[in-house]
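> Got a predicted model here, sequence first, then my questions.
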Amino acid sequence: MAGRIEDYALIGDMQTAALVCRDGTVDWLCLPRFDSHAIFAGLLGTEEHGFWRLGPAYASDQQPPTAARRSYRGDSLVLESEWDTQRGTVRVTDFMPPRDGAPQLIRIVEGVSGRVPMRSELRMRFSYGRVVPWVHKHDGRTVAVAGPDSVWFDTSAETYGKSLTTYADFTVAPGDRIAFTISWQPSHKEPPPLPEPEQSLEATEDFWRDWVDHCTYHGPYREAVIRSLITLKALTYAPTGGIVAAPTTSLPEDIGGVRNWDYRYTWLRDAAITLSSLLRTGYREEARAWREWLLRAVAGDPENLQIMYGIAGERELGEAELDWLPGYENSGPVRVGNGAAHQLQLDVYGEVTEALHLAHMTGLARNDYASLLQLKLIRYLEGHWQEPDEGIWEVRGPRRHFVHSKVMAWVAVDRTIKLIESGDADGPLERWRELRDDIHRDVCEKGYDKERNTFTQSYGSKELDASLLLIPQMGFLPPDDKRVIGTIEAIQRELSTPDGFILRYPTEGDNAGVDGLPGDEGAFLACSFWMADDLAMIGRVDEARKLFEKLLALRNDLGLLAEEWDPHLQRQVGNFPQAFSHVPLIDTALRLTASGAYGG
């Protein structure tokens, strides 16, 4: 049985990622890319669907022991887990070295005290747990082959096969270091080079140390900010600059429910706000790489902008269900691909334009095609901003005139006007100023409930929506506007959980709600950070700080956050770790630090 979502650690090489549980089990790994088929899919099924456990030996009628301590080594993505047993203490170091060649997952066992019996259990199952590979020896190395894929297993420990699983039983004493490595390679190619675990460990630590040194934030929340930045870097696909929303699929927003989606793609919205956080903390190279990815992905067809693409810019992300996997804690169906890719979400134009604007304002070298793209996006919006859409939350119900979508259309026009006013682009300035005014007037007339003094989720609706918290942050209205304050207070009243966290919008239990889906969901962590931002903006800085620090306390022991927090089960839910949670954490920390709201 898979662990709780917060029981997992992330390791990765900026091309793919693995999740390692407290008991030393790797339950999720896709090779060679984030969006490839998983070779370990036990996270979404059972041990029969693939796993790799490495830890102290245990009796067959017992549960594997969990580590007494674990942490990342400094500011890195190198994980250290330690077990205290009756016979001594042992440490396992897990990491994936940043690479140009074959992807590797390296695990080094080190004796700390006593003599500790250990066991490695490696059960590879290709195609998300469906295919048992052909495992055999090749020049003394163990290799698993199925179709186009091969995985090579290297260790100095003696191995044996049993029940379609590769085992190693060994004992470590103080000073002993035994390495285990798996490397992926296309099955038609020559074997990958023999791994060099110790050199790779040193190089991996050096990489992360050097990268973190570029961070310009030195405020009181530096530990949380650095860990979030490392996580965002780990979710970046280095060859192209694309950024995945999360490295997992189908971790449920509602345990046992159907709200299970594949997040291993690049949402323009998520990537754009990630870019903003990276720029604000000194990471221009990542911003430049993402801008280049965007221009390639959208090239030739900006009028048909998709809300998401594959990590190399792929457009076709067809959704399918894997019926042989029961799902995390029986939360089915398990989905791969994402049918929301072709939805109309007008807010995306605003997020992309805001990201390009911020890149321009922070001195990123000018790119003429980026400016041309921005102008083309506004020309499209001119003729389409009045249409209903699926909105920021990708509803699978009918389209609506979502207020947030209209606000972000206004943002797109406003930032483009600023680009023209700066002299770095040419466009119909007066016409677009009128367009900006028209959108603003339309939102204030049709998206605002005068009786309740709040903006609403969509035109004519009574429901609230946490995305309305972005109205002052985007500059649509000033923070001291009574309509902004009324909206913040209405969301606090109607969308807060008992512990003060924020839901995205009302759901309807067993009945299909505004999003067209049955079931409920937890508090959306990004929305809760947005609330802290807004509270700070309207002068309630102590309240903002308290909410922010309550949110920090929801992180797991390694500083990681999923998409949501279930207030009833008191646990993290949704895909993990989630960029859309770590980005607003960074932004709120920067805002609170600037306001001096962090206390003594």
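Sure, I can see it.

> This structure: helices as residue ranges?
126-129, 197-212, 222-234, 268-280, 284-298, 347-361, 368-384, 403-421, 429-446, 470-473, 482-494, 525-537, 541-552, 579-595 (DSSP state H).

> Show me the one of those that comes nearest Thr85.
Across those, Thr85 has its closest neighbour in helix 197-212 (23.5 Å, Cβ to Cβ). C-betas here are computed from N, CA, C, even on glycine.

> helices or strands next to that closest one in the packing?
When contacts are defined as 3 or more Cβ pairs under 8 Å, 6 or more residues apart in numbering; DSSP states H and E, helix 197-212 packs onto strand 88-95, strand 104-114, strand 177-186, helix 222-234.

> for the third one, packing partners?
Right, strand 177-186. Strand 177-186 is packed against strand 104-114, strand 149-155, strand 165-172, helix 197-212, with contacts defined by 3+ Cβ pairs under 8 Å, 6+ apart.

> want to throw these into a markdown table with mean pLDDT, distance to Leu268 and mean neighbour count?
Conversion of these to a markdown table gives the following (pLDDT from 0 to 100; distance: least, Cβ to Cβ, whole Å; neighbours: other Cβ atoms under 10 Å):
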| stretch | mean pLDDT | distance to Leu268 | mean neighbour count |
| --- | --- | --- | --- |
| strand 104-114 | 98 | 30 | 21 |
| strand 149-155 | 97 | 30 | 22 |
| strand 165-172 | 98 | 42 | 18 |
| helix 197-212 | 98 | 24 | 16 |
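
> so can I have TSV of those showing distance to Thr487?
Formatted as TSV, the helices and strands packed on strand 177-186 follow (distance: least, Cβ to Cβ, whole Å):
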stretch	distance to Thr487
strand 104-114	47
strand 149-155	51
strand 165-172	56
helix 197-212	38
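
> Pull the contacting residues for Glu521.
Taking Cβ atoms under 8 Å, 6 or more residues apart in numbering, we find Glu521 in contact with 253-254, 259, 503-504, 507, 564, 573.

> same check, this time on Gly175
Contacts of Gly175 by Cβ under 8 Å, 6+ apart are Gly111.

> Let me know which of the helices and strands packed on strand 177-186 is the nearest to Trp393.
It is, among the helices and strands packed on strand 177-186 and with distance given as Cβ to Cβ, helix 197-212, at 32.7 Å.

> Next, the angle strand 88-95 makes with the closest one.
With axes from the mean of the first three to the mean of the last three Cα atoms, to 10 degrees defining the directions, helix 197-212 sits at 60 degrees from strand 88-95.

> next one: helix 197-212 to chain centre, how far?
Mean C-alpha position of helix 197-212 versus that of the full chain (Cα atoms, centre = their mean, to the nearest Å) differs by 23 Å.

> Low-confidence regions, the stretch 151-300 of the chain specifically.
300 (pLDDT under 70).

> closest to Pro472 out of the helices and strands packed on strand 177-186?
The closest of the helices and strands packed on strand 177-186 to Pro472 is helix 197-212. By Cβ to Cβ, the value is 31.7 Å.

> what angle separates that closest one from strand 104-114?
Using the same axes, to 10 degrees: helix 197-212 against strand 104-114 is 110 degrees.

> And the contacts of helix 197-212?
73-78, 93, 95-98, 104, 106, 108, 177, 179, 181, 226, 229-230, 233.

> I'd like to know which of the residues you listed are buried.
The neighbour-count test (16 or more other Cβ atoms under 10 Å) applied to the contacts of helix 197-212 identifies 73, 75-78, 93, 95-98, 104, 106, 108, 179, 181, 226, 229-230, 233 as buried.

> circling back to that earlier point, want to try JSON lines for the helices of the chain, with distance to Val145 as columns?
Output for the helices of the chain, formatted as JSON lines (distance: least, Cβ to Cβ, whole Å):
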{"stretch": "helix 126-129", "distance to Val145": "9"}
{"stretch": "helix 197-212", "distance to Val145": "23"}
{"stretch": "helix 222-234", "distance to Val145": "29"}
{"stretch": "helix 268-280", "distance to Val145": "35"}
{"stretch": "helix 284-298", "distance to Val145": "33"}
{"stretch": "helix 347-361", "distance to Val145": "41"}
{"stretch": "helix 368-384", "distance to Val145": "43"}
{"stretch": "helix 403-421", "distance to Val145": "48"}
{"stretch": "helix 429-446", "distance to Val145": "57"}
{"stretch": "helix 470-473", "distance to Val145": "50"}
{"stretch": "helix 482-494", "distance to Val145": "54"}
{"stretch": "helix 525-537", "distance to Val145": "41"}
{"stretch": "helix 541-552", "distance to Val145": "45"}
{"stretch": "helix 579-595", "distance to Val145": "34"}
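
> Which one, of these, ends up nearest to Asp149?
Nearest of these to Asp149, taken as Cβ to Cβ: helix 126-129 at 5.8 Å.

> Give me the mean pLDDT for the closest one.
Mean pLDDT, helix 126-129: 97.

> got it, and stretch 526-541?
Here stretch 526-541 scores 97 as its mean pLDDT.

> list the buried ones in that stretch?
For stretch 526-541, burial by neighbour count (16+ other Cβ under 10 Å) applies to 526-538, 540-541.

> got a list of contacts for that stretch?
With contact meaning Cβ under 8 Å, 6+ apart, stretch 526-541 is reached by 466-467, 469-470, 472-473, 479-480, 484-485, 488, 491-492, 495, 501-504, 543-545, 547-548, 551, 565, 580-581, 583-585, 587-588, 591-592, 595-597.

> same deal with stretch 495-506?
The contact list for stretch 495-506, computed with Cβ under 8 Å, 6+ apart, reads 393, 457, 463-467, 469, 491, 494, 513-515, 521-525, 527-528, 530-531, 547, 550-551, 565, 567.

> Please repeat the previous calculation with a cut-off of 7 Å.
By Cβ atoms under 7 Å, 6 or more residues apart in numbering, the surrounding residues in contact with stretch 495-506 are 393, 457, 463-466, 491, 513-514, 523-524, 527-528, 531, 547, 550, 565, 567.

> next one: stretch 414-423
If you take Cβ under 7 Å, 6+ apart as the criterion, stretch 414-423 is touched by 353-354, 357, 360, 371, 374-375, 378, 425-427, 429, 432-433, 436.

> and with 6 Å instead?
Identification of contacts with stretch 414-423 by Cβ atoms under 6 Å, 6 or more residues apart in numbering yields 353-354, 357, 374, 378, 425, 427, 429, 432, 436.

> Name the pair among the residues you listed with the greatest separation in space.
Across these (Cβ to Cβ), the longest gap, 19.2 Å, separates Glu354 and Leu429.

> So which of the two has more stuff around it?
Neighbours were counted for Glu354 and for Leu429 using other Cβ atoms under 10 Å; Glu354 has more, 21 against 13.
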